[in-house]
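Trainee: got a sequence here, can you model it:
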Amino acid sequence: MTDQRLTTIDALFTLLNERRYADLDQLLADDVVFDVAYYPVGGLGDNPTVGREAVTSMFTDVVAKLFDPFAFVVVATYLGAEPDVVIVEYSSHGSARSTGRDYSNRYVGVFRVRHGKVQLWREYHNPEQMTAAFGSASGS
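Mentor: As a prediction, the model looks like this:
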């Protein structure tokens, strides 16, 4: 039997990899929270980002403009002890549009999925990778 949490996470990463960001709203709860741990002060957008429309807009209006290409690979998934939690290890590879530099990162995501909808997406990654990809052309 396939766990609904895993089905939802698989569908989420499929949409991300197909760059179908506007369709993410199908998998997000009305009050979804997207929280990026170690988010830089003065970074882009609000953190956490709250609400289906806000999270979808973050991907369509920010992420889509920052990276091209941009793809994820799910490395491993772990079902949490709580019935709605799943932990996902994943990586990304892409290119920063503004600099042309490669962007790769590794992530741990803590997801709370209820009734096939993501309610929480808390992401941990190395913010220095963003600085390296988007820093000035002089290397700073």
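Trainee: what's the longest helix anywhere in the chain packed up against?
Mentor: Looking across the chain with DSSP state H, the single longest helix is helix 4-17. Secondary-structure packing of helix 4-17 (3 or more CB pairs under 8 Å, 6 or more residues apart in numbering; DSSP states H and E): strand 67-79, strand 85-96, strand 102-114, strand 117-125. Quick note: C-beta positions are derived from backbone N, CA and C, even for glycine.
Trainee: list the contacts of the nearest residue to Met58 once chain neighbours are set aside.
Mentor: Spatially, and ignoring its direct neighbours in sequence, Met58 is nearest to Thr49 (5.2 Å; CB to CB, 6 or more residues apart in numbering). Counting by CB atoms under 8 Å, 6 or more residues apart in numbering, Thr49 makes contact with Val33, Phe34, Asp35, Val55, Met58.
Trainee: can we see that at 6 Å?
Mentor: Listed by CB atoms under 6 Å, 6 or more residues apart in numbering, the contact set of Thr49 reads Phe34, Val55, Met58.
Trainee: likewise for Ala71?
Mentor: Asn17.
Trainee: could you check how far it is from Arg114?
Mentor: Distance of Ala71 to Arg114, given as CB to CB, to the nearest Å: 27 Å.
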